[in-house]
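> this is a predicted model, with the sequence first.
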Amino acid sequence: MRTTKLLLPTLKEDPADADVVSHKLLLRAGMLRQVARGIYDFLPLGLRAVHKVARIVREELDLAGCQEVLLPLVSPAELWQESERWDKYGKELLRIKDRHDREFCLGPTHEEVMTDLVRRDVRSYRDLPLNLYQIATKFRDEIRPRFGLMRGREFIMKDGYSFHVDYEDCRREYENMRAVYTRIFRRCGLTFRVVEADTGAIGGSMSHEFQVLAESGEDLILSCSKCEYAANVEKALGKSTGAEPRYGHSTLEKVETPDLRTIDEVSAFMSEPPERFVKTLIYFADGKALAVLCRGDDQISEIKLRALIKCSELRLADGEEIEQLTGAPQGFAGPVAIELRLVADQTLRGCEGMVSGANKKDAHYRGVDHEAHFPDAQFGDVRVAKAGDACLRCSPNAAEPGLLEAHRGIEVGQVFYLGQKYSQPLGATFLDADGNERIMEMGTYGIGITRTVAAAIEQNHDERGIVWPVAIAPYEVVIVATKWDDDAVREASEAIYEELRAAGIDCVLDDRDERAGVKFNDADLVGYPFRITVGPRGLKDGKVECKARTATDADEIAIAEAAGHVASLVRQARG
RNA sequence: CGGGGUGUAGCUCAGCCUGGUAGAGCACUGCGUUCGGGACGCAGGAGCCGGAGGUUCAAAUCCUCUCACCCCGACCA
């Protein structure tokens, strides 16, 4: 492609509406334009990046025995009513009516539609297993779309669903998909982690997320420095390595702490470190109040708490409720003589000499002990794991267990074991070899295609622009002709361009009548992985320059060898 | 939905406080000079000042309502 023919409206200045790097660069590099909040146009180069990711996904999935189908964006309310998600999904599900006043929605995900397809056409165990996927537009009416392509309302997603005769086979495919996804993101040239994840509202009992590591990531993930363990912080297990909370038994002593409510304030006032505090939070679990304890420097994980006490609805009490239940305003709650069910993080088991609120306004206690003051508390892991914790995966057998390290990540893919969550209500059944009707086991596997493009940029950019991994770059090579009105330059550029095209390299010839600086800046902004510079300066010696986007200096190559040289570099880097 | 902010040319923004007939830089068109890291000169095209209502002789500017977009929070496969 020639830049004079290309719709590539690059911008010199950052658009005011964009805040995150990928959004800014996609706009500046002329790849993306916003149409409405969370809804975008893809310009030619942006779309090429999307297609490159999609192609890798297709190749790997087809190789793994998956089959591509295409489901409708619009689906009828009835299907969603069968799975009961019409009522449960909430406002994210954009509902519409047709001219006959029939209800439909724009698909945010396609479990129902795919299960419906399979239940109608698959009757026998002989037809299973089956793994069907599509790469298509999804619509989720997000409360707050943000960060450009990272969280749009309309986006392109690969969603796959597998159907099996039993749990073992479903589990096998789950592991298979986990391996396939690892290959996909590796081929995309991304640095990522596969992490254990909470299954959330979608249900099921097993899930892994694929997290592209980037400073700007919305998710916090923890991974072991020694073993393979990695998990979303929502789910991560770790053992606190701080000092054991045993400061020796002493008698309970009340301390006046006027207007000091936060751990930090009281900690500073009493000259005691936060880890010596018993933090006490009042929750309502399915309508019943309880007090939850953890160390002052820890935080309560509501996901873990919910799982431990097996409740469905969990919320923090408000100021008024706290005063009613503890007899003191917010900030002075403690476990001593409190008349509530107590749940405590296991870190506090056997603690002595702690500090806590006194359930009285402007007062705290010193000398709080597990045995003496909350012997009946239910213990469990309810704290949020953090960097520096010992890894529980290796700690039982290793003398020196690994420590958890924190990374920020962007979730670009996820795999779920679904079981019969959808096949049961929708009646996706088959006849087994003995002629018995059985319910299919299901798994679901998603990749945010457009989000992967954004994540690639978040991870790979510098102050000059995008630094595309070769495998997903819109074009692999740009030929910069520094002086287009020079016959020799033009001829040499055209020759290299034709040779690269013939070699199957995606290349752009910058044939604009622009100054060299403009072309160099655009090339860096757009992020072509390789640049060949053809100018009078080099041609005098029969040479052109070749430079990788990541390199600081260019190599001088003889004109005749340039195309072949760069073509082999590209092939090597495609992955 | 709560809090904060912004809407003026394709982009970035000034003008608004103190009302008086619309500006700059970049981008775009033409001509000339320039030409290896976002050149320069001259000439040009381009705006319902987000929209509606109000106050006023007069509104981009003041008032009311509304819409859109951005950020923080709650929410989220």
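The structure has been received and is ready for your questions.
> what lines up beside the least confident helix or strand in chain A by mean pLDDT in the sheet?
The least trusted helix or strand in chain A, going by mean pLDDT, DSSP states H and E, turns out to be strand A:314-316, with a mean of 81. Here strand A:314-316 has these sheet partners by DSSP bridges: strand A:278-285 (antiparallel).
> pull out the buried positions in the helix or strand that the partner strand is followed by.
The helix or strand immediately downstream of strand A:278-285 is strand A:288-295, counting by DSSP states H and E. Under the neighbour-count criterion of 16 or more other C-beta atoms under 10 Å, strand A:288-295 has A:289-295 buried. For the C-beta atoms, the positions are set from N, CA and C on the backbone; glycine is no exception.
> what's the answer for stretch A:447-460, then?
A:447-460.
> quick revisit: can you tell me if the least confident helix or strand of chain A touches RNA strand B.
No: Strand A:314-316 does not reach RNA strand B (C-beta under 7 Å from any atom of the strand); its nearest approach is 7.8 Å.
> next helix or strand past that strand?
Following strand A:314-316 toward the C-terminus (DSSP H and E): helix A:319-326.
> just to revisit the earlier point, contacts for the least confident helix or strand of chain A, please.
A:281-286, A:302, A:305-306 (C-beta atoms under 8 Å, 6 or more residues apart in numbering).
> sec struct for the residue nearest the centre of chain A, please.
Per C-alpha atoms, centre = their mean, the C-alpha nearest to the average position across chain A is that of residue A:411, at 1.1 Å. Following DSSP: H, G, I helix; E, B strand; the rest coil, we place residue A:411 in the strand state.
> now the residue nearest to it when sequence neighbours are not counted, which residues is it bridged with?
Excluding its sequence neighbours, the residue lying closest to residue A:411 (C-beta to C-beta, 6 or more residues apart in numbering) is residue A:209, at 5.0 Å. Beta-bridge pairing for residue A:209 (DSSP bridges): residue A:195, residue A:414.
> mind listing what residue A:209 touches?
Contacts of residue A:209 (C-beta under 8 Å, 6+ apart): A:194-195, A:197, A:219, A:232, A:409, A:411, A:413-414.
> what residues sit buried inside the least confident helix or strand of chain A?
residue A:314.
> distance of residue A:35 from RNA strand B?
With distances taken as C-beta to the nearest atom of the strand, to the nearest Å, residue A:35 is found 8 Å from RNA strand B.
> before we move on, what about residue A:191?
Counting by C-beta to the nearest atom of the strand, the gap from residue A:191 to RNA strand B is 19 Å.
> same check on residue A:291?
Distance from residue A:291 to RNA strand B, by C-beta to the nearest atom of the strand: 20 Å.
> so that residue touches residue A:343, yeah?
Yes: using C-beta atoms under 8 Å, residue A:291 is in contact with residue A:343, at 7.4 Å.
> contacts only, for the residue nearest to the centre of chain A.
Per C-beta under 8 Å, 6+ apart, neighbours of residue A:411: A:209-211, A:218-219, A:448, A:451.
> which of the residues you listed fall within strands?
A:209-211, A:219, A:448 (DSSP state E).
> and the furthest pair within these?
Pairwise distances among those were taken by C-beta to C-beta; the largest, 12.8 Å, belongs to A:219 and A:448.
> when you check RNA strand B, which of the contacts of residue A:411 turn up near it?
Among these, RNA strand B is touched by A:448, A:451 when using C-beta under 7 Å from any atom of the strand.
> show me which pair in the contacts of residue A:411 is furthest apart.
Counting by C-beta to C-beta, the most remote pair of the contacts of residue A:411 is A:210 and A:218, 14.2 Å apart.
> number of residues surrounding residue A:477?
Neighbours of residue A:477 under the rule other C-beta atoms under 10 Å: 26.
> what's near enough to touch the nearest residue to it once chain neighbours are set aside?
Counting by C-beta to C-beta, 6+ apart, residue A:477 lies nearest to residue A:507, which is 4.1 Å off, once chain neighbours are set aside. Residue A:507 makes contacts with A:1, A:475-479, A:497, A:500-501, as judged by C-beta under 8 Å, 6+ apart.
> how about residue A:275?
So residue A:275 contacts A:242-243, A:245, A:295-297 (C-beta under 8 Å, 6+ apart).
> looking at pLDDT only, which of these scores worst?
Least confident entry in the contacts of residue A:275, by pLDDT: residue A:243, with 67.
> picking that back up, if we take the contacts of residue A:209, which one ends up nearest to RNA strand B?
residue A:414 (5.4 Å; C-beta to the nearest atom of the strand).
> so what's that closest one scoring on pLDDT?
In this model, residue A:414 carries a pLDDT of 94.
> correct me, but it touches residue A:206?
No: counting by C-beta under 8 Å, residue A:206 is not a contact partner of residue A:414; they are 11.2 Å apart.
> okay, the two: which has more neighbours?
residue A:414 (21 against 16).
> any stretches of the stretch 151-300 of chain A with poor pLDDT?
Counting by pLDDT under 70, the stretch 151-300 of chain A has low-confidence residues at A:200-205, A:243.
> can you give me the strands for it?
With strands called from DSSP state E, counting those that start in this stretch, the stretch 151-300 of chain A shows them at A:154-164, A:192-196, A:206-213, A:219-224, A:230-232, A:238-239, A:253-256, A:278-285, A:288-295.
> the stretch 1-150 of chain A: helices as residue ranges?
Assigned by DSSP state H, counting those that start in this stretch, the stretch 1-150 of chain A shows helices spanning A:21-28, A:44-63, A:77-82, A:85-88, A:111-121.
> got the angle between the longest one and helix A:21-28?
Following axes from the mean of the first three to the mean of the last three C-alpha atoms, to 10 degrees, one obtains 120 degrees for the angle between helix A:44-63 and helix A:21-28.
> can you check the last one too?
An angle of 80 degrees separates the directions of helix A:111-121 and helix A:21-28 when computed by the same axes, to 10 degrees.
> ok, is helix A:111-121 in contact with RNA strand B or not?
No: using C-beta under 7 Å from any atom of the strand, helix A:111-121 stays clear of RNA strand B, with a minimum separation of 8.9 Å.
> how much does that helix deviate in direction from strand A:154-164?
Going by the same axes, to 10 degrees, helix A:111-121 makes 40 degrees with strand A:154-164.
> could you give the angle of the strand or helix carrying residue A:525 to helix A:21-28?
Using DSSP H and E, the element containing residue A:525 is helix A:516-526. Angle of helix A:516-526 versus helix A:21-28, following the same axes, to 10 degrees, is 140 degrees.
> give me the domain ranges for chain A.
A:47-226+A:407-457, A:253-380, A:475-574 (automatic domain parsing).
> weakest of those domains in terms of mean pLDDT?
What stands lowest among the domains of chain A, in mean pLDDT terms, is domain A:253-380, with a mean of 88.
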